[in-house]
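Asks: my questions concern the predicted model and sequence given below.
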Amino acid sequence: MPFWINILVGLLAFVVAALGGKALLPWLHKLKFGQPIKVDFGPSWHANKQGTPTMGGLLFIFGSIIATAVGYALYRFFGTTDFVSTFSDREALRLLSCMIFCLLFGVIGFIDDFAKVAKKQNEGLKPMQKIVLQVVTAVLWLAAMYWLGDRDTHIDLGFVRFNISWFYYPLMVLVILYLTNAVNLTDGVDGLCGTVTLVAMLIFTLICSKLQMGCYTLFTMALAGGCLGFLVWNLHPAKCFMGDTGSMYLGASVAAIGLASHQHLSMILVALVYILEALSVMIQVTYFKYTKKKYGEGRRIFKMTPIHHHFEMSGFSEYKIVITFSLFGAVTGLCGLLLVLL
């Protein structure tokens, strides 16, 4: 992929998301689409954020889709004959299937957000309803990728690679569920999910470039630019939240690019911030239930989960959390890139 096209795609997505906020935020305010805050899910002072417009993820969703489409058109028009021939119709369809997959997860998030603002409470879809919709979407995407020729059932752990045959697909459904919901859990501090995902997508761009998967670099750069444009409105104090609309879209994007690259250990390292966020919740809940059953009183390991709230309760500012988590994600992500380069 010509370098200048990737840069242009990122810039276009940034402009669409950044300028789009000038139109979207007043519209969300007019519709009274403010985020209900339930203090059980975060520090008590987060109650001050009550009413901040949600569904701001629409900014980077539209930005990434528009920029990717423009980038693909430029790629087909300006690429050399030999270069364009490497970008087959099948590869273009795989990219399209990934984008539709991400968009469908964004729709699930939108339904959840809409239910929350309609009820004026921090509860949207029921957990089982979400899981069923996510599983159906994941299965359809994996089936589409299989139909489009992506039939590699190997697990790549860097220096070890082994085939698990048909078991690969149900395992990847579980991976998709974990990652998408982990990204959703990371969206709890102003600017955190957007910044961590910006870093992840830049690293995925380098990984896909190394693997000669130029089609996917269009989407990863568009997502990176879109996240950066969204951060204009989301850095502390946030003027809007991405909502489940945005976090589900980003979660599906991380899963789709990671699985499409078939670099599973690298994907884990790039997505390690999200993975640890969700893991902290699982550890907390399990330990609380265990100690409640054994001692009659539930005990906690962390002050609050997901783990970014533990840091917040320990005195970290929202800016410090964003910087710390993003730097951690950059370091682990670069380790994932190194595995691909070796």
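Replies: Great, that's in hand.
Asks: and the longest helix for the protein?
Replies: Longest helix in the chain by number of residues (criterion: DSSP state H): helix 89-119.
Asks: what about that helix, distance to the chain center?
Replies: 11 Å (Cα atoms, centre = their mean, to the nearest Å).
Asks: and that helix, what does it pack onto?
Replies: helix 58-78, helix 127-147, helix 214-234, helix 243-261 (3 or more Cβ pairs under 8 Å, 6 or more residues apart in numbering; DSSP states H and E). Just so you know, the C-beta spots here come from the backbone N, C-alpha and C atoms, and that holds for glycine as well.
Asks: so which of those helices is nearest residue 292?
Replies: helix 127-147 (20.8 Å; Cβ to Cβ).
Asks: after that closest one, next one along is what?
Replies: Using DSSP states H and E, the helix or strand that follows helix 127-147 in sequence is strand 154-156.
Asks: average model confidence for that next one?
Replies: Strand 154-156 carries an average pLDDT of 94.
Asks: report the buried residues of it.
Replies: 155, 156 (16 or more other Cβ atoms under 10 Å).
Asks: ditto for stretch 3-15
Replies: Those would be 5, 6, 8, 9, 10, 12, 13, 14, 15, for stretch 3-15 by 16+ other Cβ under 10 Å.
Asks: and the fifth one, how close does it get to residue 167?
Replies: The gap separating residue 10 from residue 167 is 37 Å, by Cβ to Cβ, to the nearest Å.
Asks: can I get the CA coordinates of stretch 17-31 in PDB?
Replies: Output in PDB follows, covering the C-alpha atoms of stretch 17-31 (Å, rounded to 0.1, in the frame of the first residue of the first chain):
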ATOM      1  CA  ALA A  17     -14.600  12.600  13.200                       C
ATOM      2  CA  ALA A  18     -13.300  15.900  14.600                       C
ATOM      3  CA  LEU A  19     -15.500  18.200  12.500                       C
ATOM      4  CA  GLY A  20     -18.400  15.800  12.700                       C
ATOM      5  CA  GLY A  21     -18.600  16.500  16.400                       C
ATOM      6  CA  LYS A  22     -19.700  20.000  15.700                       C
ATOM      7  CA  ALA A  23     -22.900  18.600  14.200                       C
ATOM      8  CA  LEU A  24     -23.400  15.400  16.200                       C
ATOM      9  CA  LEU A  25     -23.000  16.800  19.700                       C
ATOM     10  CA  PRO A  26     -25.700  19.500  19.400                       C
ATOM     11  CA  TRP A  27     -28.000  16.900  17.900                       C
ATOM     12  CA  LEU A  28     -27.400  14.400  20.700                       C
ATOM     13  CA  HIS A  29     -28.100  17.300  23.200                       C
ATOM     14  CA  LYS A  30     -31.300  18.100  21.400                       C
ATOM     15  CA  LEU A  31     -32.400  14.500  21.600                       C
END
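Asks: what mean pLDDT does it have?
Replies: 88.
Asks: chain center to it, what's the gap?
Replies: 22 Å.
Asks: try stretch 254-262
Replies: On Cα atoms, centre = their mean, the centre of stretch 254-262 falls 11 Å from that of its chain.
Asks: ditto for stretch 144-151
Replies: Counting by Cα atoms, centre = their mean, stretch 144-151 comes out at 23 Å from the chain centroid.
Asks: please apply the same query to stretch 281-300.
Replies: 29 Å.
Asks: show me what counts as buried in it.
Replies: 281, 283, 284, 288.
Asks: doesn't residue 162 belong to a strand?
Replies: Yes - counting by DSSP: H, G, I helix; E, B strand; the rest coil, residue 162 falls inside a strand.
Asks: ok, now which ones touch it?
Replies: Contact analysis of residue 162 by Cβ atoms under 8 Å, 6 or more residues apart in numbering lists 154, 155.
Asks: so for it, what's the pLDDT?
Replies: 92.
Asks: likewise residue 82?
Replies: Looking at residue 82, its pLDDT reads 46.
Asks: what's the answer for residue 38, then?
Replies: For residue 38, pLDDT reads 57.
Asks: just use 30 as the starting number from now, easier for me
Replies: Happy to do that; since the first residue is 30 now, the last one works out to residue 67.
Asks: before we move on, back to that, out of the helices and strands packed on helix 118-148, the one nearest residue 350 is which?
Replies: Closest of these to residue 350 is helix 243-263, at 13.7 Å (criterion: Cβ to Cβ).
Asks: which other helices and strands contact that closest one?
Replies: Against helix 243-263 (3+ Cβ pairs under 8 Å, 6+ apart) you get helix 32-59, helix 87-107, helix 118-148, helix 221-239, helix 272-290.
Asks: what residues sit buried inside the longest one?
Replies: Put plainly, it is helix 118-148. The neighbour-count criterion (16+ other Cβ under 10 Å) identifies 120-146 as the buried residues of helix 118-148.
Asks: pipe the helices and strands packed on helix 243-263 into a markdown table and attach distance to residue 365 per row.
Replies: Converted to a markdown table, the helices and strands packed on helix 243-263 look like this (distance: least, Cβ to Cβ, whole Å):
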| stretch | distance to residue 365 |
| --- | --- |
| helix 32-59 | 19 |
| helix 87-107 | 22 |
| helix 118-148 | 19 |
| helix 221-239 | 7 |
| helix 272-290 | 9 |
